[in-house]
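Engineer: Coordinates for the following, if possible.
(chains A and B)
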Amino acid sequence: MKVLICIDDTDNLESRGTGDLAEQLATEIEERNWGRSEFVTRHQLLVHPDVPYTSHNSSMCFAAEIGEQYLPALVERAKAFLVEESAEGSDPGLAVAVPDNLSDTALLVDFGRRAKREVLRKQDAYDLAAAQGIHLSEHGGTGHGVIGALAGIGLRMSGNDGRIKGWLEIPTRDGMARVADIVEQFQLGGVRSMTGDLLEENDLVAVGEKPKAVYLDGKPFLMVSPLTDAGPARWKTSCRRELKKY
Amino acid sequence: MWDIVEQGRKLFRHGREDFQAAVQAASDCPAFREDVEEEWVTDEARSCYNCRFRRWTPDSFLCQAAAG
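Structural biologist: Residues are numbered from 1 along each chain as shown, chains lettered A, B, ... in the order given. Next up is the predicted model:
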């Protein structure tokens, strides 16, 4: 079965990031032979004086395909993991959802989108999670991370939010790579321009430093921007400034 | 470069889109510390915009570094 796991507010100014913890949990699922984990997505939530957060207010979500019998153990392990690994002074929250069991995914997606533009309450998150049969729990501090954790599930389910944690180490020749090779190596949905055009298989891309993928149409896409040089590549990987909006 | 706001905190005067100023501010800051990769918003590693001690606000960021 497919599960979505999201954590939020596990860090402080001195600790490891929430993304590292999500990645570690994803790895642990595979090490325990419970199933296969996917990439981690980072979801930006509202930045507002009334929202408590350390420095950026983002949550981290990943999907895993696991044996159904392992779900209770996964939830228990994730809870214990947050207790063990969350930083002092943090307000960690955990959400675990089984997409096939949700009665109304639109409500969950809407909650995620609202968390990007409104101040939401913990009780809002608990009410929605209970109605949809989603595991939602807090593991220290104020527990405000449950809001971001549930919102992250909704945003991942939307298929159109967030950047993929980490970067793509793309092999190049003369600083360039062919679209088909990039897509195949990293199992991408494609290579797309910032204006929404999908590049052709044989298009060449000039590869910049630490290129990142974003989550669109339920898949990771490498984003590129037009290159006006006279060289063979008409595109270059988009820089982080350009990817801020994802 | 900075405005001192309530509780003596430092608010970056140049907002969220002045990448050059953010690099300049970080260049001689003894407290600068790179944030985790997924929170970087610019390719210049040493920028206040990529610093662990910046706390984003709707229009800019507050510096949370004790010696920043």
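Engineer: and the residue in chain B that chain A sits nearest to, how many neighbours?
Structural biologist: Residue of chain B nearest chain A, by CB to the nearest CB: B:Val36 (3.5 Å). (Each C-beta comes from the backbone N, C-alpha and C, glycine too.) Residue neighbour count, defined by other CB atoms under 10 Å in any protein chain shown, stands at 18 for B:Val36.
Engineer: what number of residues lie near the nearest residue to it once chain neighbours are set aside?
Structural biologist: Excluding the flanking residues, the one nearest B:Val36 by CB to CB, 6 or more residues apart in numbering or on different chains is A:Gly17, at 3.5 Å. Using other CB under 10 Å, A:Gly17 has 24 neighbouring residues.
Engineer: Please list the residues outside stretch B:7-23 that contact it.
Structural biologist: A:241, B:1-5, B:25, B:42, B:44, B:46-49, B:54, B:56-57, B:59-64, B:68 (CB atoms under 8 Å, 6 or more residues apart in numbering or on different chains).
Engineer: burial of the nearest residue to A:Glu209 once chain neighbours are set aside, as a residue count?
Structural biologist: Take A:Glu209 and drop its neighbours on the chain: the residue closest to it by CB to CB, 6+ apart is B:Asp43, 6.1 Å away. B:Asp43: 15 surrounding residues under other CB under 10 Å.
Engineer: Surely B:Asp43 touches A:Ser238?
Structural biologist: No - under the criterion of CB atoms under 8 Å, B:Asp43 makes no contact with A:Ser238, lying 10.3 Å away.
Engineer: And A:Val40, how close does it get to chain B?
Structural biologist: Remark: distance between A:Val40 and chain B (CB to the nearest CB, to the nearest Å) = 8 Å.
Engineer: residues contacting that residue?
Structural biologist: A:Gly19, A:Ala22, A:Glu23, A:Ala26, A:Met60, A:Cys61, A:Phe62, A:Ile164, A:Lys165, A:Gly166.
Engineer: go on, A:Asp11?
Structural biologist: So A:Asp11 contacts A:Gly17, A:Thr18, A:Leu21, A:Thr54, A:Ser86, A:Ala87, A:Ser90 (CB under 8 Å, 6+ apart).
Engineer: now do A:Ala129
Structural biologist: A:Ala95, A:His135, A:Leu136, A:Val146, A:Leu150 are the contacts of A:Ala129 under CB under 8 Å, 6+ apart.
Engineer: could you pull out the strands for chain A?
Structural biologist: A:2-8, A:35-44, A:58-66, A:93-97, A:135-138, A:163-164, A:176-178, A:190-193, A:204-206, A:213-216, A:219-226, A:235-237 (DSSP state E).
Engineer: For the residue nearest to A:Val205 when sequence neighbours are not counted, list each beta-bridge partner.
Structural biologist: Using CB to CB, 6+ apart and skipping the chain neighbours, the partner closest in space to A:Val205 is A:Trp235 (4.9 Å). Beta-bridge partners for A:Trp235, by DSSP bridges, are A:Val205, A:Pro226.
Engineer: A:Trp235 - how many residues pack around it?
Structural biologist: There are 22 residues near A:Trp235, going by other CB under 10 Å.
Engineer: ok, now A:Ser103?
Structural biologist: Counted with other CB under 10 Å, A:Ser103 comes out at 9.
Engineer: Report how many residues lie close to the closest residue in space to it that isn't next to it in sequence.
Structural biologist: Spatial nearest neighbour of A:Ser103, excluding adjacent residues (CB to CB, 6+ apart): A:Gln132 at 6.4 Å. By the criterion of other CB under 10 Å, A:Gln132 has 21 neighbours.
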